[in-house]
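S.K.: Show me how the following folds:
(chains A and B)
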Amino acid sequence: MKPPAVVRLVARNFAATLDPITLLVMFGQPAFLIVILGTMFNQLIPSVGSSGSYIAFLVPGMIASQMITGAVLCGRIFWLDRRWAMVEQIFSGPFLRAEYLAALLLTALLFSLVGVGIMVLVALPLIGIAHLSALEIAVILGTIALGSLFFGGLLVAIGGRIRSANLYFTIQSLLQYFLIFISTVYYPVTSGTPEVLRAIVYANPLTYAANTVRDAFTHSFGPGDWVAGGILAGLALVSFGLAVLSFRTLELGPVQ
Amino acid sequence: MTAGGEEIVRAERLGFAYTPDRFAIRNLSFAIHRGEVFGLLGRNGAGKTTTVRVLTTLLPPTEGTGHLFGRELHRCGRAERARLGVVLQSESLDFVSVERNLTLYAFLWGVPRELAKSRAEEMLALFELEPVRHRKPWSLSGGERRRFQVARELMHEMELLFLDEPTVGLDALTRRRILEYLARRARGGLAIVFTTHILQEADQLCDRIGVMQGGRTLAIGPPAEIKRQYRGPRSVDVEFEREIAAGEWDGLLGRLRIRGVGLEVTSSSPAALTFRAGNAEDLVAEVVRWTHESGAGLARLSVHETSLEEAFVTLVSEDAAAEPAAKETLE
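M.R.: Next comes the predicted model:
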């Protein structure tokens, strides 16, 4: 008996797009940041809020940022499939467009979760074992899932409207850096943060995800996090809707 | 050909427009049967690729109706597409080796692993891809890439195969081997829709062809029928047993001019004559009669068969002349 179409598509996404260099870059970079940035800034910053050390602050942020890593992979697969006519080839086969979209988003989610695992392993010698409750683990995974859906859907929606590889990858890179740097992944928002910057940081869904994951790590998960989760879920729904719309009106044919 | 076989594609006044006033194809009506090889011929922009894309459900028809395996195109889904094989004009590939592309594609189609492995070996051998099996498809030559595209599509079972210009860039030997393979598969019941600019291969492979121009079909029928109907002037070579005197030439050519339609003498020598005419067969009888009467003796007489290319040119040129303001189309 053959596996369901979505499973075959997800397996194909992983098999066809992941090579050792890609994996090294996608997971190596955040791991490198945890080790180097964490260690270096740890000496300069005595403590950060309830996290304690800077490295303990950074690790949950890097874990949350894995949703971006998964989404970037998802956008990359979609774009390369368009560029190399695999979208048309798959659509002319025994697959529904909905299944292809679901497979892309599921790939983003799985890749993000693998990233979370790697970040936890990398952080282990630096911050030790995080003793998390089942609820806290569920909150972290749920947040990553919603974030992957949001960012993956967003990149698919954008990728479906653009017909130039240069433009798509430029937008993707800008978005990636903008989202990560203007969020609370690397630094907290404090009373000293300029108002404009604070507004931008709180308009960034990654901020909510990073804060929620961090609260789970520091066992300070509270009502605010449920609100943040609700916002993230709403945004994920909107993003998914945009991706569906983009797929329904997707123009097949050559892209450059 | 099994023209009487089960009908698996039907188009009735099928059309597709990119915008309401910009039709790519219009009023296409034809049927394709199991085991039949149906060729779509036409100049660039004639609408062949759009026809393939509509029939493979990649584009929805905007007018008329089409059926695939008895189901209306608008309602066709996974079940119907699972019975198709599609080699599009645009090259598609995954970023893995040629061999892995084949097995991965088979996996995508749900082909069992062991079968996929043995079929990949068969395809690598058939399409002479063994030497490049570990290379990435984008690093192959144009011909190798095209062979790879066809080989990959043949990794799974299908009942109807669409091939949009599958032999572009292939050398004559490879082309012949692939066409022979496709002919064998057609004899086994596979229906094939085939677009090409190489009319000789359409003549060789196709049971029926549809000639397209400006998004419409100008003619549909077996290649022999198309050649017969649209053969245009044919060329006749005559060699006599002796040299013909000037006065005798005047007599012969005078008789040919009276009876000939569009007669054109293309070459002559003291004992030979080559001419073209729309009614070459009638003039051949006239030449034979004259030779008998004059006692010149006939050493050789041949009427050139019309090639599909000549028929195609005649057909398309006639249409272009009849409708100079041909509609703008896009493939």
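
S.K.: State whether residue B:18 is indeed within a strand.
M.R.: Yes - with DSSP: H, G, I helix; E, B strand; the rest coil as the criterion, residue B:18 is assigned to a strand.

S.K.: Is residue B:274 located within a strand, as I assumed?
M.R.: Yes - read with three-state DSSP, residue B:274 is one of the residues of a strand.

S.K.: ok, now which ones touch it?
M.R.: Contacts were defined as Cβ atoms under 8 Å, 6 or more residues apart in numbering or on different chains; by that measure residue B:274 touches B:235-238, B:265-268. Where you see a C-beta, it was placed from the backbone N, CA and C, and this is true even at glycine.

S.K.: Mind putting these into JSON lines with pLDDT and neighbour count?
M.R.: Below are those laid out as JSON lines (pLDDT from 0 to 100; neighbours: other Cβ atoms under 10 Å in any protein chain shown):
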{"residue": "B:235", "pLDDT": "87", "neighbour count": "17"}
{"residue": "B:236", "pLDDT": "91", "neighbour count": "21"}
{"residue": "B:237", "pLDDT": "93", "neighbour count": "15"}
{"residue": "B:238", "pLDDT": "93", "neighbour count": "24"}
{"residue": "B:265", "pLDDT": "89", "neighbour count": "15"}
{"residue": "B:266", "pLDDT": "86", "neighbour count": "11"}
{"residue": "B:267", "pLDDT": "84", "neighbour count": "9"}
{"residue": "B:268", "pLDDT": "84", "neighbour count": "15"}
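
S.K.: From those, which land in strands?
M.R.: Among the contacts of residue B:274, the members falling in strands (DSSP state E) are B:235-238, B:265-268.

S.K.: so where's the chain shaky on pLDDT?
M.R.: Assuming you mean chain A. Counting by pLDDT under 70, chain A has low-confidence residues at A:51, A:254.

S.K.: Correction: the question concerned chain B.
M.R.: B:1-4, B:323-331.

S.K.: Contact residues of the stretch 51-200 of chain A facing chain B?
M.R.: Where proximity means Cβ under 8 Å from any Cβ of the partner chain, the interface of the stretch 51-200 of chain A facing chain B comprises A:80, A:84-86, A:88-96.

S.K.: out of these, which are buried?
M.R.: Among these, those classed as buried by neighbour count (16 or more other Cβ atoms under 10 Å in any protein chain shown) are A:80, A:84-86, A:88-95.

S.K.: tell me the centre residue of the chain?
M.R.: Went with chain A since none was named. Residue closest to the average C-alpha location in chain A (Cα atoms, centre = their mean): residue A:67, at 1.6 Å.

S.K.: should've been chain B
M.R.: residue B:202 (3.2 Å).

S.K.: if I pick that residue, what's in contact with it?
M.R.: For residue B:202, the contact set (Cβ under 8 Å, 6+ apart) comprises B:39, B:41, B:194, B:196, B:209, B:223, B:308.

S.K.: hmm, back to that, ok, so of the residues of the stretch 51-200 of chain A next to chain B, who is nearest residue A:186?
M.R.: Among these, residue A:80 lies closest to residue A:186 (Cβ to Cβ), at 29.6 Å.

S.K.: Would you mind giving both backbone torsions of that closest one?
M.R.: Dihedral angles of residue A:80 (phi, psi; degrees, to the nearest 10) stand at phi -60, psi -40.

S.K.: Contact partners for it?
M.R.: Listed by Cβ under 8 Å, 6+ apart, the contact set of residue A:80 reads A:17, A:86, B:95.

S.K.: One more: residue B:175?
M.R.: The contact partners of residue B:175, by Cβ under 8 Å, 6+ apart, come to B:167, B:198, B:201.

S.K.: burial count for the residue lying closest to the second one once chain neighbours are set aside?
M.R.: So that's residue B:198. Leaving out its chain neighbours, the residue that sits closest to residue B:198 by Cβ to Cβ, 6 or more residues apart in numbering or on different chains is residue B:167, at 6.3 Å. Residue B:167 sits with 24 neighbouring residues when counted by other Cβ atoms under 10 Å in any protein chain shown.

S.K.: again with residue B:113
M.R.: Using other Cβ under 10 Å as the criterion, residue B:113 is surrounded by 10 other residues.

S.K.: From residue A:233, how far off is it?
M.R.: Using Cβ to Cβ, to the nearest Å, one obtains 39 Å as the distance from residue B:113 to residue A:233.

S.K.: Tell me which residue in the stretch 101-250 of chain B sits closest to chain A.
M.R.: The nearest approach of the stretch 101-250 of chain B to chain A comes at residue B:110, 3.3 Å away (Cβ to the nearest Cβ).

S.K.: Show me where the stretch 1-150 of chain A has its helices.
M.R.: A:5-17, A:20-32, A:38-44, A:54-83, A:86-91, A:97-127, A:134-161 (DSSP state H, counting those that start in this stretch).

S.K.: if we look at the helix or strand hosting residue B:105, which residues are touching it?
M.R.: Residue B:105 belongs to helix B:98-108 when assigned by DSSP states H and E. Helix B:98-108 has contacts (Cβ under 8 Å, 6+ apart) with A:8-9, A:11-12, A:15-16, A:90, A:93, B:93-94, B:96, B:113, B:115-117, B:119-120, B:123-124, B:129, B:132-137, B:140, B:148, B:151-153, B:155-156.

S.K.: Where helices are concerned, which of the residues you listed count?
M.R.: Among the contacts of helix B:98-108, DSSP state H puts A:8-9, A:11-12, A:15-16, A:90, B:113, B:115-117, B:119-120, B:123-124, B:148, B:151-153 in helices.

S.K.: among those, which ones are buried?
M.R.: Listed as buried from the ones in helices among the contacts of helix B:98-108 are A:8-9, A:11-12, A:15-16, A:90, B:116, B:119-120, B:123-124, B:148, B:151-153; burial here means 16+ other Cβ under 10 Å.
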